[in-house]
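S.K.: quick one, structure for this:
(chains A and B)
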Amino acid sequence: MNKLIKAFTKDSAVVPFIAIVLGLLVGAVIMLIGGYDPLLAYRSLLDKVFGNPYDFGETLTAITPLVFTGLSVAFAFRTGLFNIGAEGQYIMGMTGATIIGVSLHLPWYIHAPLAVIVGALFGGCWGMIAGYLKAARGVNEVITTIMLNWIALHLANYIVNDYLLEPGKGRSYMVDPSADVTIGWLSRTLDDARIHWGMFFALLAVIFFYVFLWKTKQGYELRVVGHNPDAAKYAGINVNRGVVKAMFISGTLAGLAGVFQVLGVFLNQAVTASPTGHGFDGIAVALLGGNTPVGVLLGAILFGTLSYGAAGMSFGADVPPEIIRIVIGSVIFFVAAPGIIRWTIKRVFGKKRKGEVI
Amino acid sequence: MKKTTKIFTGLMLVASLALTACGAKNDNEGAASPIASPTATATESPAATGDTSGKDMKFSMVTDVGGVNDKSFNQSAWEGLQKLEKDTGASIKYLESKEAANYLTNINQFVRDQYNLTWGIGFLMGDAVKDAATKNPDAKLAIIDNVVDAPNVASITFAENEGSFLVGVVAGLTTKTNKIGFVGGIDIPVIKRFELGFEAGVKAVNPNAEVIKNYTGAFDKADLGKAAAASIYNDGADIIFHAAGGTGNGVFNEAKERLKAGKKVWVIGVDKDQSLEFGDDVTLTSMLKRVDEAVYRVSKDMIDGKFPAGVITTLGLKDNAVGLPETSSKNVSKEILDKVEEYKAKIISGEITVPTAQ
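M.R.: Numbering: from 1, shown residues only, chains lettered A, B, ... in the order given. Sure, this is the predicted structure:
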């Protein structure tokens, strides 16, 4: 039995690795068909990410929001909810942070934390709306969260446009310096890459995710609700309250992604026509990471690295952006479809394994 | 497991060999391959014609989220650089921005790589160009459609209101229903100039005509453009002028569908001569905005050592930087075009002041 488990874990460590390689191979074939040099392209991608301190720092900047939104979606998954609304909660988080950051002037030790907390609460409450509708009215959260994404987008545009707009700029006023959470000295050591405290909070969020769900009573209850709501009810757990609470925490996590984009990266909020996609990418990240905290972190690193490094492929190997999207898409596809890889492994290595003396 | 690793390494080796082989082959036929990107072919083939004083110089541009194939100003700017490459042998490159966070990182990529001049294409790039220019005082940058106050940035804006006035004259004299539509991208000063100039032109020749305005809030959403066009045509308009970049493609699609259904409607294109892209049957005329000329001219100035650093250049009718394309005569009658010339002369002489927006 022990040996069987060993084989299985061995497998699961190999699966994502093979998946990435397969994805890159398919991407390479596509680039060859398009007439581009795949080796040069991949080298350029790595170069873009690890080539110099600036780009390395910016890669971290690209990864950070994905960790948050990935955790947000994964948290909801763990409690049996499909939160497609991370995008909307992200936007509300941005808005909350911008409102506080732009309109108040306070000492930094109050201002920055206040902006972070208010933004997180905005995101959390936005998630809670869907949670409440599910608990009280039985409305499927998939529908409400999708709808709430658009409401959030246009509500945010309205707030920025009518109350916070810097004339002629198409964006809000800059956030007060006392509210920004950039890390000046670290940015300078990384050639002015936009490094901010959100990165450390992202790691804290990963730890929180694990401790809360697996080490506390409340987290245990939420997981039970996720596994089997009926059993949870029978065991005396308040399922409805659990749903609302789960959506609140999920929304808070997504909201934090937006908060740190505003306070750490952009320092303003632009009027935008469409969602940024970080919330939707969060779904992919959560799936990549198998809804485990460390998995989400790794998934976000992979996703962020690929999407930031993509510019390198364009710069270094002249691969047009359309083909880069196909390449990245194929990597994600293979990683997200472990079934295909397992099947392939079984076919290719299955016989060998039988003969192996374990 | 050992065997597995062995086989796997073997596979990898074979794969990489195959890839290198193909890559090398590709290098030889690169110039002949029809799919190879313009940059790829250019770097391989020597400059075809003209003087080659720009041979050692590198020019680059960063698009906004619309991408380089937006059939509008990003594409126009790229055509300007392509012309530069052909005429002077300068090497050129572009990077597309996938989201707002990439504006700065893409610009920095070029700046760090010691490009002689980097263009930020579009209003939205203002903050990023400003940031990069301040942190890299030795770098030379230029921006279209926005004003950046820095000693190493050339700001190019257009008097869109003047050119729009002229297409307004065409629309006002052509309409049969006395209802004319305007579809805008985001409500920012640049687009406002289109709207104000257009309306003034319509009213100048046809005071009874009504202009129905609709801002879609996006430059890259053809679906929104289509929906906006549908509602304006349904309101009885027979001509729509769009100033919405890629969103405007939807306006053309809607007009084409109506034409197929037997209803004659017109679209006035923007930025480029869009009759070449969408056909004479729906394109009445276009409001040319010679972004390509501006990009070409300023880049050429750079080669000649006359780069207008820190200068704001506004290009209008007198510079032939805005106006109607030659092809207009296909759909616009001689009398109307004469009227257009008349107004053009009046605007240049200052007899008519076209309303504008800051």
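
S.K.: count the residues that sit near the residue in the stretch 101-250 of chain A positioned nearest to chain B.
M.R.: In the stretch 101-250 of chain A, the residue that lies nearest chain B is A:Gly170 (4.6 Å; C-beta to the nearest C-beta). Bear in mind the C-beta positions are built from the backbone N, C-alpha and C, glycine included. Using other C-beta atoms under 10 Å in any protein chain shown, A:Gly170 has 23 neighbouring residues.

S.K.: so who does it touch?
M.R.: Residues in contact with A:Gly170, defined by C-beta atoms under 8 Å, 6 or more residues apart in numbering or on different chains, are A:270-271, B:123-124, B:186, B:188.

S.K.: turn those residues into JSON lines, including pLDDT, secondary structure and neighbour count.
M.R.: As requested, the contacts of A:Gly170 are exported to JSON lines (pLDDT from 0 to 100; DSSP: H, G, I helix; E, B strand; the rest coil; neighbours: other C-beta atoms under 10 Å in any protein chain shown):
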{"residue": "A:Ala270", "pLDDT": "89", "secondary structure": "strand", "neighbour count": "19"}
{"residue": "A:Val271", "pLDDT": "85", "secondary structure": "coil", "neighbour count": "20"}
{"residue": "B:Phe123", "pLDDT": "88", "secondary structure": "helix", "neighbour count": "24"}
{"residue": "B:Leu124", "pLDDT": "87", "secondary structure": "helix", "neighbour count": "24"}
{"residue": "B:Ile186", "pLDDT": "85", "secondary structure": "coil", "neighbour count": "22"}
{"residue": "B:Ile188", "pLDDT": "84", "secondary structure": "coil", "neighbour count": "22"}
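
S.K.: please tell me how far the residue of the stretch 101-250 of chain A closest to chain B sits from B:Leu224.
M.R.: Distance, A:Gly170 to B:Leu224, by C-beta to C-beta, to the nearest Å: 17 Å.

S.K.: just give me the neighbour total for the closest residue to A:Leu148 other than its chain neighbours.
M.R.: Computed as C-beta to C-beta, 6 or more residues apart in numbering or on different chains, the closest residue to A:Leu148 that is not its neighbour in sequence is A:Gly88, at 4.6 Å. A:Gly88 has 33 neighbours, counted by other C-beta under 10 Å.

S.K.: my guess is A:Gly88 meets A:Gly279, correct?
M.R.: Yes - at 7.0 Å, A:Gly88 and A:Gly279 qualify as touching, with contact defined as C-beta atoms under 8 Å.

S.K.: so what touches stretch A:57-64?
M.R.: Contact with stretch A:57-64 is made by A:49, A:187, A:190-191, A:193-196, A:198-199, A:202, A:257, A:260, A:264-265, A:300-301, A:303-305, A:307-309, B:101, B:105, as judged by C-beta under 8 Å, 6+ apart.

S.K.: any idea which element the residue nearest to A:Leu148 lies in?
M.R.: For A:Gly88, the host element (DSSP states H and E) is helix A:86-103.

S.K.: what packs against whichever helix or strand comes after that helix?
M.R.: The helix or strand immediately downstream of helix A:86-103 is helix A:108-132, counting by DSSP H and E. Under the contact definition 3 or more C-beta pairs under 8 Å, 6 or more residues apart in numbering or on different chains; DSSP states H and E, helix A:108-132 sits against helix A:86-103, helix A:141-159, helix A:239-260.

S.K.: next, the angle helix A:86-103 makes with helix A:108-132.
M.R.: 150 degrees (axes from the mean of the first three to the mean of the last three C-alpha atoms, to 10 degrees).

S.K.: identify each buried residue in helix A:108-132, please.
M.R.: A:111-112, A:114-132 (16 or more other C-beta atoms under 10 Å in any protein chain shown).

S.K.: list the contacts of A:Ala273.
M.R.: B:186, B:216-221, B:224.

S.K.: shaky segments in the stretch 201-350 of chain A?
M.R.: A:349-350 (pLDDT under 70).

S.K.: could you measure from the residue nearest in space to the middle of chain A over to chain B?
M.R.: The structure's chain A has its C-alpha centroid closest to A:Leu66; by C-alpha atoms, centre = their mean the separation is 2.5 Å. The gap separating A:Leu66 from chain B is 12 Å, by C-beta to the nearest C-beta, to the nearest Å.

S.K.: which helix or which strand is home to that residue?
M.R.: helix A:53-78.

S.K.: now the angle from that helix to helix A:141-159?
M.R.: Using the same axes, to 10 degrees: helix A:53-78 against helix A:141-159 is 130 degrees.

S.K.: quick one: distance of helix A:53-78 to the chain centre.
M.R.: In terms of C-alpha atoms, centre = their mean, to the nearest Å, the centre of helix A:53-78 is found 5 Å from the chain centre.

S.K.: so where do the helices sit in the stretch 201-350 of chain A?
M.R.: Along the stretch 201-350 of chain A, counting by DSSP state H, counting those that start in this stretch, helices occupy A:217-227, A:229-234, A:239-260, A:278-288, A:293-317, A:321-336, A:338-355.

S.K.: and the stretch 51-200 of chain B, which residues reach chain A?
M.R.: Neighbours of chain A within the stretch 51-200 of chain B, by C-beta under 8 Å from any C-beta of the partner chain: B:67-68, B:93, B:95-96, B:98-102, B:104-106, B:108-109, B:112-113, B:123-124, B:126-127, B:135, B:186, B:188-189.

S.K.: tell me how many other residues crowd the residue nearest to B:Thr247 when sequence neighbours are not counted.
M.R.: Spatial nearest neighbour of B:Thr247, excluding adjacent residues (C-beta to C-beta, 6+ apart): B:Gly225 at 3.9 Å. Neighbour count of B:Gly225, defined by other C-beta under 10 Å: 29.

S.K.: re earlier: can you put the contacts of A:Ala273 in JSON lines and add secondary structure?
M.R.: Below are the contacts of A:Ala273 laid out as JSON lines (DSSP: H, G, I helix; E, B strand; the rest coil):
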{"residue": "B:Ile186", "secondary structure": "coil"}
{"residue": "B:Thr216", "secondary structure": "coil"}
{"residue": "B:Gly217", "secondary structure": "coil"}
{"residue": "B:Ala218", "secondary structure": "coil"}
{"residue": "B:Phe219", "secondary structure": "coil"}
{"residue": "B:Asp220", "secondary structure": "coil"}
{"residue": "B:Lys221", "secondary structure": "coil"}
{"residue": "B:Leu224", "secondary structure": "helix"}
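
S.K.: of those, which is the nearest to chain A?
M.R.: Looking across those and measuring by C-beta to the nearest C-beta, the closest to chain A is B:Ala218, at 3.0 Å.

S.K.: against B:Asn249, how distant is that closest one?
M.R.: B:Ala218 is 12 Å from B:Asn249, by C-beta to C-beta.

S.K.: could I have stretch A:278-294 exported to PDB, CA atoms only?
M.R.: Below are the C-alpha coordinates for stretch A:278-294, written out as PDB (Å, rounded to 0.1, in the frame of the first residue of the first chain):
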ATOM      1  CA  HIS A 278      -6.900  39.100 -13.400                       C
ATOM      2  CA  GLY A 279     -10.000  37.700 -11.900                       C
ATOM      3  CA  PHE A 280     -10.600  35.300 -14.700                       C
ATOM      4  CA  ASP A 281      -7.000  34.300 -14.800                       C
ATOM      5  CA  GLY A 282      -7.500  33.500 -11.100                       C
ATOM      6  CA  ILE A 283      -9.800  30.700 -12.100                       C
ATOM      7  CA  ALA A 284      -7.100  29.200 -14.300                       C
ATOM      8  CA  VAL A 285      -4.500  29.700 -11.500                       C
ATOM      9  CA  ALA A 286      -6.800  28.000  -9.000                       C
ATOM     10  CA  LEU A 287      -7.300  25.000 -11.300                       C
ATOM     11  CA  LEU A 288      -3.600  24.800 -12.100                       C
ATOM     12  CA  GLY A 289      -2.900  24.800  -8.400                       C
ATOM     13  CA  GLY A 290      -5.500  22.100  -7.600                       C
ATOM     14  CA  ASN A 291      -7.100  24.600  -5.100                       C
ATOM     15  CA  THR A 292      -4.200  24.000  -2.600                       C
ATOM     16  CA  PRO A 293      -2.400  27.100  -1.200                       C
ATOM     17  CA  VAL A 294       1.100  26.100  -2.400                       C
END
